[in-house]
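Peer 1: okay, predicted coordinates and the sequence, questions at the end:
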Amino acid sequence: MKRTITLILLIVFLLNVVGYYGVFVGLRFSSEVAMRQQFDDENYDQQEVTIKVPITIPYATDSRDFERVDGEFEHEGQVYRLVKQKLQSDTLYIVCVKDQQTQTINQALADYVKSYTDKPFSAKQSAKTVAQFAKDFISCTTSVEPLTSGWNFSTRQLISSTELYSFQFNQHIVQPPEA
């Protein structure tokens, strides 16, 4: 009984600290792991999209089979997951699939954020927010000062080259005592 109450309170506390953003990140991570497992097993039923990229790489060897890759990109609002790639002659073939689940999670996160701001998202507002952020937080200057004077050399002082590269060697001869 104590364990279940403790577990429930810990979950509520974690949700309070991290918020729903942590839930969305967790959902996205579990979705990525499931998709990677499907791609590794070559058990995906989504429609494949092949992208051909002309590329010239000196001394590149052609690969006969596709190599498994991981990654994602967004094009025109649609999220795509990279599955495999192959370099043949002067063309890179990239096979990817649409990731509807990640797009749904991203949209839910955007809706969640929009519910807190009470304003619809617009590009003008985003640019204004970035400019305001830059004014508030990035306008300060930073200077780096050395802690030691080890390798410091002031260029304002004029030093002759003989002083700069002078070599001094004091010879100390210790002779044994005479018997």
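Peer 2: Yep, it's here.
Peer 1: every contact and neighbour count from this point should use C-alpha atoms.
Peer 2: OK.
Peer 1: which neighbouring elements make contact with the one helix or strand Val83 maps to?
Peer 2: In the assignment (DSSP states H and E), Val83 maps to strand 78-88. Strand 78-88 sits against strand 67-68, strand 72-75, strand 91-98, helix 100-117, with contacts defined as 3 or more C-alpha pairs under 8 Å, 6 or more residues apart in numbering; DSSP states H and E.
Peer 1: mind running it again at 6 Å?
Peer 2: Applying 3 or more C-alpha pairs under 6 Å, 6 or more residues apart in numbering; DSSP states H and E, we find strand 78-88 packed against strand 67-68, strand 72-75, strand 91-98.
Peer 1: these: which one's closest to Leu9?
Peer 2: strand 72-75 (36.2 Å; C-alpha to C-alpha).
Peer 1: just checking: what are the partner strands of that closest one?
Peer 2: strand 78-88 (antiparallel) (DSSP bridges).
Peer 1: just the CA trace of the strand it pairs with, in PDB.
Peer 2: The C-alpha coordinates for strand 78-88 follow below in PDB (Å, rounded to 0.1, in the frame of the first residue of the first chain):
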ATOM      1  CA  GLN A  78       5.600  15.900 -43.400                       C
ATOM      2  CA  VAL A  79       8.200  14.000 -41.200                       C
ATOM      3  CA  TYR A  80      10.300  11.400 -43.000                       C
ATOM      4  CA  ARG A  81      12.500   8.700 -41.500                       C
ATOM      5  CA  LEU A  82      15.700   7.500 -43.200                       C
ATOM      6  CA  VAL A  83      15.800   3.800 -43.600                       C
ATOM      7  CA  LYS A  84      18.700   2.900 -45.900                       C
ATOM      8  CA  GLN A  85      21.100   4.300 -48.400                       C
ATOM      9  CA  LYS A  86      23.300   3.200 -51.200                       C
ATOM     10  CA  LEU A  87      26.100   5.000 -53.200                       C
ATOM     11  CA  GLN A  88      26.200   3.900 -56.800                       C
END
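Peer 1: buried residues in that strand?
Peer 2: 79-88 (16 or more other C-alpha atoms under 10 Å).
Peer 1: would you list every one of the helices in the chain?
Peer 2: Applying DSSP state H to the chain gives helices spanning 2-18, 20-40, 100-117, 123-137, 161-164.
Peer 1: export those to CSV and append columns for distance to Ser63 and mean neighbour count.
Peer 2: CSV is the format used below for the helices of the chain (distance: least, C-alpha to C-alpha, whole Å; neighbours: other C-alpha atoms under 10 Å):
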stretch, distance to Ser63, mean neighbour count
helix 2-18, 45, 11
helix 20-40, 19, 15
helix 100-117, 30, 14
helix 123-137, 43, 11
helix 161-164, 59, 8
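Peer 1: for Phe73, find the nearest of these.
Peer 2: helix 100-117 (11.0 Å).
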